[in-house]
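Visitor: sequence plus the predicted model coming up.
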Protein chains: 2
Amino acid sequence: MSKVCFGVDIGGTTVKLGMFDEEGTLKYKCEIPTRKEEDGKMIIPDICDKITEILTINEISKSDITGVGLGIPGAVADDGTVLKCVNLGWGIFNVGEKFKEIFGEVNVKCGNDANVAALGEMFKGSAEGEKNMVMITLGTGVGGGVIIGGKIITGVNGAAGEIGHMPMSDDEEGTCGCGKKGCLEQYASATGVVKVTKKILNSTDKASKIREIENFTAKDVFDMAKSGDEIANLAVDELGKYLGKAAAHISCVVNPGVFVIGGGVSKAGQFLIDRIEKYYKEYAFFASRDTKFILASLGNDAGIYGAAALILS
Amino acid sequence: MSKVCFGVDIGGTTVKLGMFDEEGTLKYKCEIPTRKEEDGKMIIPDICDKITEILTINEISKSDITGVGLGIPGAVADDGTVLKCVNLGWGIFNVGEKFKEIFGEVNVKCGNDANVAALGEMFKGSAEGEKNMVMITLGTGVGGGVIIGGKIITGVNGAAGEIGHMPMSDDEEGTCGCGKKGCLEQYASATGVVKVTKKILNSTDKASKIREIENFTAKDVFDMAKSGDEIANLAVDELGKYLGKAAAHISCVVNPGVFVIGGGVSKAGQFLIDRIEKYYKEYAFFASRDTKFILASLGNDAGIYGAAALILS
């Protein structure tokens, strides 16, 4: 058996594991539940057990593992120390050392999950071959990953790529999860676009099919917008405007070759990309006005691919 | 004689040259005029002549030069190709190759002048020892340099660090030099703060000592603000607010360890820093709220130090 590595994406609900060959081809993948009880102390042992099981089933020796990459939903220092990981119940500790303590000697690399997903899209996804890219993940919140020269930018506090908290508006009345008001996430996430739509609906008597859906979702807003609903289009416009402007800011800082748009909201597809790009071109500095916007292609597997890339690239 | 290198800062009016030892200590510096006539074709030969003259006077052989670093007022690709250099009359060409064609074989490295100045402040200035920093230069315009892991981020179009063109306002009526409206530069540069002050003066009948100065400058505005003038303080507040917010954006992208504030406007000193920091703390994401703001310390020599750092670091 030739060498393998593992890419592990630790989420709040499930841990995704992928086994890759040396070229980065996914050979096997599976999921286990994330056991968050007792401050998440079983999470690392569970991963070690699962990897051992996969090795046994496939008759692979531990010495054939080139490494284990871990994507973690929190800030991670360059040395693998988790700085904050509320979702998992974790305090501050060195994940790589803990892993090796349980699993035995192995090359372990850690990264923040949003950053690692960006690396995945660069490694085997829609940004394959790009060395300078920014991924924007539009889910419940807005996450980001900044890759320059093929490497993740983590920042001195692990806060690089926290683009969901770029200050986009001084007029916001609602409070973001981070405690500030007017963050990008408040307009451009799945929850954000629903809130924006409700606000517009409350401000007007105009007809809209959305009024007929009791607990409408971001998907409903995009579907209605695509079918020409005026209110839905105003909400999508606001999302596009804030994202386009945020991307223009990002370009003035790192000037990436491409923006990759991922996360649940990105299922709205090219319709979403077009709306972001329209506003980006208005706000961007002339030298970087033609930066590409593309959809992510790895979906939920971006994390395991990126975690593997921590080892393989 | 031990080895030396040269740091050259090509400006629109003068070219500054510095000779450095291997530790980066400035041993000699001088200036020559920038001859822009005939598409600036004499600029590189003039620099070569001056370096040869310095070598001759100091009895240093060409073989003792470890390299020549050049800071250029325009976008420069990683391979040394100048992409745009209107100020010098230059078209598109490879500066390093041109230099070697005239001077003979030598290690030549090029960078954009704002980026190179940032590198200088990291190399021997107020950010010495920092590997992750962003320099904001407040002069006639607003320039920037982003350094991550000790290296300049240039961006795929050479437009990284163009923070003067971050889109800060949708309500601006005036047009920026870049063609857009609402760029940071329109509020936070020397010319910007004067314009903002004039706008405030025109909008009110309030008394202000500034009304008594016919062609007041940014320095006048800061001096008046320091002495308690209300109008001047409103203008400085607007500058501080826009810069603080822009820095908060930057932190969400690359999360540097320090912001270095330089350029003519930075002569306003700690008074300016305090005003920027006040707003930064309001707008920044919590994890990066304590990022330091410091004044640049190398003044007009930042460029030659940074150009030398292209060779030495």
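Guide: Yep, that arrived.
Visitor: buried ones in the helix or strand harbouring A:E53?
Guide: When secondary structure is defined using DSSP states H and E, the element that contains A:E53 is helix A:43-57. Going by neighbour count (16 or more other CB atoms under 10 Å in any protein chain shown), the buried part of helix A:43-57 is A:I43, A:I44, A:I47, A:C48, A:K50, A:I51, A:I54, A:L55. The C-beta positions use only the backbone N, C-alpha and C, and glycine is treated the same way.
Visitor: I figured the second one hits A:N94, correct?
Guide: Looking back up the chat, that one is A:I44. No: look at A:I44 against A:N94 with CB atoms under 8 Å: they stay out of range, at 11.1 Å.
Visitor: direction included, what does the lowest-mean-pLDDT helix or strand in chain A pair up with?
Guide: Across the helices and strands of chain A, mean pLDDT, DSSP states H and E gives its lowest value to strand A:81-84, namely a mean of 80. Based on DSSP bridges, the pairing partners of strand A:81-84 within the sheet are strand A:75-76 (antiparallel), strand A:93-94 (antiparallel).
Visitor: between the helix or strand following the last one and helix A:43-57, how many degrees?
Guide: Using DSSP H and E, the helix or strand that follows strand A:93-94 in sequence is helix A:95-103. Angle of helix A:95-103 versus helix A:43-57, following axes from the mean of the first three to the mean of the last three CA atoms, to 10 degrees, is 50 degrees.
Visitor: quick check: A:Y28 is in a strand.
Guide: Yes: with DSSP: H, G, I helix; E, B strand; the rest coil as the criterion, A:Y28 is located in a strand.
Visitor: what parts of the stretch 1-150 of chain A come near chain B?
Guide: Counting by CB under 8 Å from any CB of the partner chain, the residues of the stretch 1-150 of chain A lying close to chain B are A:A75, A:K84, A:N132, A:G144, A:V146, A:I148, A:G149.
Visitor: which residue is the nearest non-sequential neighbour of the residue in the stretch 51-200 of chain A that chain B sits nearest to?
Guide: With CB to the nearest CB as the measure, A:G155 is the residue of the stretch 51-200 of chain A nearest to chain B, at 2.4 Å. With CB to CB, 6 or more residues apart in numbering or on different chains as the measure, B:N255 is the residue that lies nearest to A:G155, at 2.4 Å, once sequence neighbours are left out.
Visitor: hmm, that neighbour is touching A:I163, no?
Guide: No: counting by CB under 8 Å, B:N255 does not reach A:I163; the two are 11.0 Å apart.
Visitor: can you give me the neighbour number for A:S227?
Guide: Neighbouring residues of A:S227 were enumerated by other CB atoms under 10 Å in any protein chain shown; the total is 10.
Visitor: show me what contacts it?
Guide: Contacts for A:S227 (CB atoms under 8 Å, 6 or more residues apart in numbering or on different chains) come out as A:K209.
Visitor: how close does it sit to A:G192?
Guide: Distance, A:S227 to A:G192, using CB to CB, to the nearest Å: 21 Å.
Visitor: before we move on, what about A:I148?
Guide: Taking CB to CB as the measure, A:I148 falls 27 Å from A:G192.
Visitor: average model confidence for stretch A:167-176?
Guide: Stretch A:167-176 carries an average pLDDT of 95.
Visitor: quick check: buried residues in that stretch?
Guide: Going by neighbour count (16+ other CB under 10 Å), the buried part of stretch A:167-176 is A:P167, A:M168, A:C176.
Visitor: redo those residues as TSV? Include distance to B:L88.
Guide: As requested, those are exported to TSV (distance: CB to CB, whole Å):
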residue	distance to B:L88
A:P167	37
A:M168	37
A:C176	46
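Visitor: show me which of the residues you listed neighbour chain B.
Guide: Taking CB under 8 Å from any CB as the test, chain B is in contact with A:P167 out of the buried residues of stretch A:167-176.
Visitor: export the buried residues of stretch A:167-176 as TSV, with columns for secondary structure.
Guide: As requested, those are arranged in TSV below (three-state DSSP):
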residue	secondary structure
A:P167	strand
A:M168	coil
A:C176	coil
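Visitor: how far away is A:S227 from chain B?
Guide: A:S227 sits 29 Å away from chain B, going by CB to the nearest CB, to the nearest Å.
Visitor: so which of the strands paired with strand A:81-84 is the most surrounded?
Guide: Most buried of those, by mean neighbour count (mean count of other CB atoms under 10 Å in any protein chain shown): strand A:75-76, with a mean of 24.
Visitor: pull the distance from that strand to the chain's centre.
Guide: Taking CA atoms, centre = their mean, to the nearest Å, one finds the center of strand A:75-76 at 14 Å from the center of the full chain.
Visitor: cool, and stretch A:172-186?
Guide: Relative to the mean C-alpha coordinate of its chain, stretch A:172-186 is positioned 19 Å out (CA atoms, centre = their mean).
Visitor: cool, and stretch A:155-171?
Guide: With CA atoms, centre = their mean, you get 14 Å for stretch A:155-171.
Visitor: mind listing what's buried in it?
Guide: Applying a neighbour-count criterion of 16+ other CB under 10 Å, one finds A:155-168 buried in stretch A:155-171.
Visitor: please save the CA atoms from the least confident helix or strand of chain A in PDB.
Guide: In PDB, the C-alpha atoms belonging to strand A:81-84 read as follows (Å, rounded to 0.1, in the frame of the first residue of the first chain):
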ATOM      1  CA  THR A  81      -2.900  25.700  19.800                       C
ATOM      2  CA  VAL A  82      -6.600  26.200  19.800                       C
ATOM      3  CA  LEU A  83      -7.300  29.700  21.100                       C
ATOM      4  CA  LYS A  84     -11.100  29.600  21.300                       C
END
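Visitor: what lies in contact with that strand?
Guide: Residues outside strand A:81-84 that contact it (CB under 8 Å, 6+ apart) are A:72, A:74-77, A:90-95, A:110, A:157-158, B:287.
Visitor: quick check, nearest of those residues to A:K27?
Guide: A:C110 (22.1 Å; CB to CB).
Visitor: point me to the residue of the stretch 201-313 of chain A nearest chain B.
Guide: Checked against chain B (CB to the nearest CB), the nearest residue in the stretch 201-313 of chain A is A:N255, 2.4 Å away.
Visitor: picking up where we left off before, how deep is the residue nearest to A:G155 tucked in, by neighbour count?
Guide: B:N255 has 27 neighbours, counted by other CB under 10 Å.
Visitor: same question for A:T137.
Guide: Residues within reach of A:T137, counting by other CB under 10 Å, total 27.
Visitor: right, I'll leave it there.
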